[in-house]
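A.B. asks: when you get a sec, could you give me coordinates for this:
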Amino acid sequence: MVVGICIGETSLTEVTFISDKMPKVGEYVTMEYDGKKVLGMIENLIRGNDSLNVDINDFNAIQKIARLEVGDNYVKGRVKILGDVNDNLKLPRTPALPGTEIHLADKEVLDEIFSVKNPIKLGCLVNQSDVDVNVEANPILSRHLAILAMTGAGKSNTVSVLIDQLLGYNVPIFVFDMHGEYKDAEFPNGEVNVIKPKLNPHYMNFYEIKKLVNIGANSFIQERHFRKAFNEAQAILRNGENETINFLEIMYDILESKSMEEGSDRQIIDVMNKIDDAMLKYSNLFDKNAGNILSNIKKGHANVLDLSQVDEAVASVLVSHILRNSLQRSKNSAHKGDKKELLDNSVFFILEEAHILAPNRRESDSKRWIQRVAREGRKFGLGLCLVSQSPKTVDHDALSQMNNMIILRLVEPEDQRHVQSASESLSQDLINQLPSLNVGEAIVLGLMSKIPTLVKIDKFKGRRHGDDMDIVSYFKESLKRDEEEIKHDERESLDMGYDY
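C.D. replies: Numbering: from 1, shown residues only. Model (predicted):
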């Protein structure tokens, strides 16, 4: 099917065309010239009329011309060149000839392009529902992924589809579940392994606990007292001398004894007060009987750390602790030269609410370790997926390390600019499409896909929490129940002889 004809000056990266039909933005087209078959994507369209392309300020005159129904309407568009279909989508070395016909891409051509070695089926093309969109799994796992969308655009459904597809490859997935959406989920290709947010202080470093207790960076004397108590408490736990599971309570007792020996040292009292405050906030976080969280990860499972009942400070500590230990464990395996152990320690981390865990304009421990894994993880088999409905507040450095993106509907210009600045392959024309995407439609780009793609994401076939609540139906049913109870009470009152 002929979509249009190349006009004007052409280049190696784009051509302009004119047509008497109205194609769709995002459709794939082909052009044959100089012995090549070149694939392109329609990125921009305008519609005009020669009779009305004049400087007329008289509305009645314009109305008369419009009523003539002259056949002067035309469609102009721009096609982005994606590559030679017969040469592994390499960009051609010569531009298209003006007058070259532009054809709608055949299904066979597109099926070949979306045929990959380790497929992750995301859905189908927005404009051609008979063409499945498969992306390559390895670049997702090793080069990281961002899933970005405004609220209600289909982000959680996309995450669920991705998890289910990866479970089919027996990949160990670790989800930092900020709102408890996945702890009771059911995936057709695997099971959920819920991990409790408990930390054994034996596996924590001094700085993680110091952060929880809020010992300031310049509080040198307090830090000295706190460090001594920390080391003594660690020794007590290692020797099994105290069955108390609250690590902070052990530290408090140590400092209290020291305070009695040395008198009322104000700095010691200040540290004790801070520990007292921390015990109120984090008493349920520590468990000396808990194992290393990483040892609870199961292959072929969606390992879900339920963070729905903890505050942001605890979530930050847990994220930084887990990412730090995972990176260190993988580095140790790499240092030993044990490739099998290195692969066994591979994990794909999915971080929901990435704007909280890696904020753009605020420092946090979790942000620092997210940045570290984003930069170094691919060398050690660690992958990241940042998920957010507020892209503009996600750390730019971490986001720019995501070499793959699934971007659903984004309306706010600042969100769009922030995402575009973090991705070299996101053109302005694609950015312009983001506000008009329907629920579940996304732009997919990066190393996982040979070409930028407009995708209709599949509907997740399992079960999960997190969908919008049907508030109206709930209260309508509540009103109906209240009315029935009133009628029932009135009938009972009449039966008993009461006259209202």
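A.B. asks: right, and Ile7 touches Pro98 too?
C.D. replies: Yes - taking contacts as CB atoms under 8 Å, Ile7 lies within contact range of Pro98: 6.1 Å. Using the backbone N, CA and C atoms, a C-beta is placed for each residue, glycine as well.
A.B. asks: for Gly291, which non-adjacent residue is closest in space?
C.D. replies: Distance criterion CB to CB, 6 or more residues apart in numbering; nearest residue to Gly291, sequence neighbours excluded, is Asn200 at 6.8 Å.
A.B. asks: same check, this time on Leu248
C.D. replies: In space, Leu248 is closest to Met279, 4.8 Å off (CB to CB, 6+ apart).
A.B. asks: where along the stretch 151-300 of the chain do the helices fall?
C.D. replies: Per DSSP state H, counting those that start in this stretch, the stretch 151-300 of the chain carries helices over the ranges 155-167, 206-213, 220-239, 247-262, 266-282.
A.B. asks: list the contacts of the spatially most central residue of the chain.
C.D. replies: Geometric centre of the chain, nearest residue: Val387, 2.0 Å, by CA atoms, centre = their mean. Residues in contact with Val387 (CB atoms under 8 Å, 6 or more residues apart in numbering) are 146-148, 155, 159, 350-354.
A.B. asks: which parts of stretch 428-443 are buried?
C.D. replies: Residues of stretch 428-443 classed as buried: 429-431, 433-434, 437, 440-443 (neighbour count, 16 or more other CB atoms under 10 Å).
A.B. asks: circling back to that earlier point, so the residue nearest to the centre of the chain, which of the three states?
C.D. replies: Following DSSP: H, G, I helix; E, B strand; the rest coil, we place Val387 in the strand state.
A.B. asks: just the helices in the stretch 401-500 of the chain please.
C.D. replies: With DSSP H, counting those that start in this stretch as the criterion, the stretch 401-500 of the chain has helices spanning 413-422, 428-433, 471-495.
A.B. asks: just for the protein, where's the confidence low?
C.D. replies: Low-confidence segments of the chain (pLDDT under 70): 51-72, 241-245, 262-264, 465-471, 473-474, 495-500.
A.B. asks: which other residues reach the one helix or strand Asp397 maps to?
C.D. replies: Using DSSP states H and E, Asp397 maps to helix 396-400. Counting contacts by CB under 8 Å, 6+ apart, the residues outside helix 396-400 that touch it are 146, 354, 358, 360, 367, 370-371, 374, 384, 386, 391, 418-419, 421-423.
A.B. asks: before we move on, what about stretch 362-371?
C.D. replies: Contacts of stretch 362-371 (CB under 8 Å, 6+ apart): 208, 211, 315-317, 319-320, 323-324, 327, 351, 354, 357-359, 384, 386, 395, 397-398, 401.
A.B. asks: from those, list the buried ones, please.
C.D. replies: Applying 16+ other CB under 10 Å to the contacts of stretch 362-371 flags 208, 315-317, 319-320, 323-324, 327, 351, 354, 357-359, 384, 386, 395, 398, 401 as buried.
A.B. asks: now the terminal residues of stretch 427-440, how far apart.
C.D. replies: 21 Å (CA to CA, to the nearest Å).
A.B. asks: what's around Asn325, how many residues?
C.D. replies: Neighbour count for Asn325, taken as other CB atoms under 10 Å: 17.
A.B. asks: now the nearest residue to it once chain neighbours are set aside: how far from Leu410?
C.D. replies: Take Asn325 and drop its neighbours on the chain: the residue closest to it by CB to CB, 6+ apart is Leu294, 5.8 Å away. Distance from Leu294 to Leu410, counting by CB to CB, to the nearest Å: 34 Å.
A.B. asks: ok, the two, which is more surrounded?
C.D. replies: Under the neighbour definition other CB under 10 Å, Leu294 and Leu410 were set side by side, and Leu410 has more, 24 against 18.
A.B. asks: that one contacts Leu148, doesn't it?
C.D. replies: Yes - judged on CB under 8 Å, Leu410 makes contact with Leu148 at a distance of 6.8 Å.
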